[in-house]
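Participant: Here is a sequence together with a model predicted from it:
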Amino acid sequence: QVQLAESGGGLVQAGDSLRLSCTASGRAFSILAMAWFRQTPGKEREFLGGVSRFANITRYADSMKDRVTLSRDNAKNTLFLRMNTLKPEDTAVYYCATRESNTVVRDASSYDFWGQGTQVTVSS
């Protein structure tokens, strides 16, 4: 089992930047691909980006690649997401996920473990 805990959410102003953290515990953190998703009520989880096992491959959603940067610190068992120029439409619950594969994919159903999520609210 892998446990994931997201942090860093909250209320921010439009135009600000945000950094979210996801800390893993349980099984060896370094063997898993990790990703960030977000979800708003009534919609499916949206892939934002992911990082492979040794952080040598990072994939981003086309819609987010200009505003999102992912990084991974295996020594601290932590995945980071930085998002710039926040907009009210970025308001969502942000989730961290892992899968038992080295490949980053966009399909949420392909991920095996999920955090509880952290709420991000962007005010205009």
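Facilitator: Perfect, I can see it now. From a predicted model like this one, the values you see are computed outputs, not experimental measurements.

Participant: Now the residue nearest the centre of the chain: which helix or strand?
Facilitator: For the chain, the residue nearest the mean C-alpha position is W36 (2.1 Å; CA atoms, centre = their mean). Element membership for W36, per DSSP states H and E: strand 33-39.

Participant: Tell me the strands beside the helix or strand following that strand, with direction?
Facilitator: Next along the chain after strand 33-39, taking DSSP H and E as the criterion, comes strand 46-51. Here strand 46-51 has these sheet partners by DSSP bridges: strand 33-39 (antiparallel), strand 58-60 (antiparallel).

Participant: Of the ones you listed, which stretch is the most buried?
Facilitator: Among the strands paired with strand 46-51, ranked by average contacts under mean count of other CB atoms under 10 Å, first place goes to strand 33-39 (a mean of 24). Any C-beta I mention is one placed from the backbone N, CA and C, and that applies to glycine too.

Participant: Next up, the contacts around the closest residue to D107 other than its chain neighbours.
Facilitator: Nearest-residue entry for D107: F47, 7.7 Å, with adjacent residues in sequence omitted and distances by CB to CB, 6 or more residues apart in numbering. Applying CB atoms under 8 Å, 6 or more residues apart in numbering, we find F47 in contact with A35, W36, F37, A61, R106, D107, A108.

Participant: Give me the below-cutoff pLDDT ranges for this protein.
Facilitator: When residues are selected by pLDDT under 70, those of the chain lie in 28-31, 55.
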